[in-house]
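>>> Below are the sequence and a predicted model for it; my questions follow.
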Amino acid sequence: MVNRVKSTNDIELKDRLVAINRVTKVTKGGRTFSFAAIVVVGNEDGIIGWGLGKAGEVTAAIAKGVEAAKKNLIKVPVHKGTIPHEQFAKFGGAQVFLKPASHGTGVKAGGAMRAVLESVGVTDVLAKSKGSSNPHNLVKATIVALGELRSPFMVAQNRGVSVEKVFKG
């Protein structure tokens, strides 16, 4: 149950470069280099998106990645700087596990996962990645995990009970 963001006009998004990959094509005339950049954008207040840009220049690849990221934004429930509950997700060979942490813990995550979690506005979380360390799959798995998070208000609404009863039982 992913909450898509419909309009990006009034949102101030910050972009982070997660990884850049140089690709070589060998032709009769020699080698041709191109670049692929995976970029994460977020407003550090619960909105996140990722994009992949490919171009002959690094700056053009990053710009294309940012534009692609702005087209698939999702809303993530962030409560007091952490996530509401534990979440596990897989994408390709990458597996990620996210666990809420108390205030002051910080973002205990590596590389690609750290960029995603900081862009969404999570300040305290414990994260573990297993399997593939490919940044493309790690970013996608982390965003899948964040997209599956449910806030206590959503749980209460789905069950038809009050928020206090969700925490009691």
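Received it, and whenever you're ready, just let me know what you need.
>>> For the rest of this, base every contact and every neighbour count on C-alpha atoms.
Fine.
>>> show me what contacts residue 99?
83, 85, 86, 87, 125, 126, 127 (Cα atoms under 8 Å, 6 or more residues apart in numbering).
>>> State the pair within these that is farthest apart.
85 and 127 (12.2 Å; Cα to Cα).
>>> So for these two, which sits in the more crowded spot?
Counted by other Cα atoms under 10 Å, residue 85 and residue 127 do not tie: residue 127 has more neighbours, with 22 against 13.
>>> Kindly confirm my reading that residue 26 is in a strand.
Yes - remark: residue 26 belongs to a strand, assigned using DSSP: H, G, I helix; E, B strand; the rest coil.
>>> Tell me where this protein has strands.
Using DSSP state E, the strands of the chain run over 3-4, 14-27, 30-42, 47-55, 74-75, 87-91, 94-100, 107-108, 125-131.
>>> Just put those in a markdown table and tack on mean pLDDT.
Formatted as a markdown table, these follow (pLDDT from 0 to 100):
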| stretch | mean pLDDT |
| --- | --- |
| strand 3-4 | 74 |
| strand 14-27 | 93 |
| strand 30-42 | 95 |
| strand 47-55 | 95 |
| strand 74-75 | 92 |
| strand 87-91 | 95 |
| strand 94-100 | 94 |
| strand 107-108 | 92 |
| strand 125-131 | 93 |
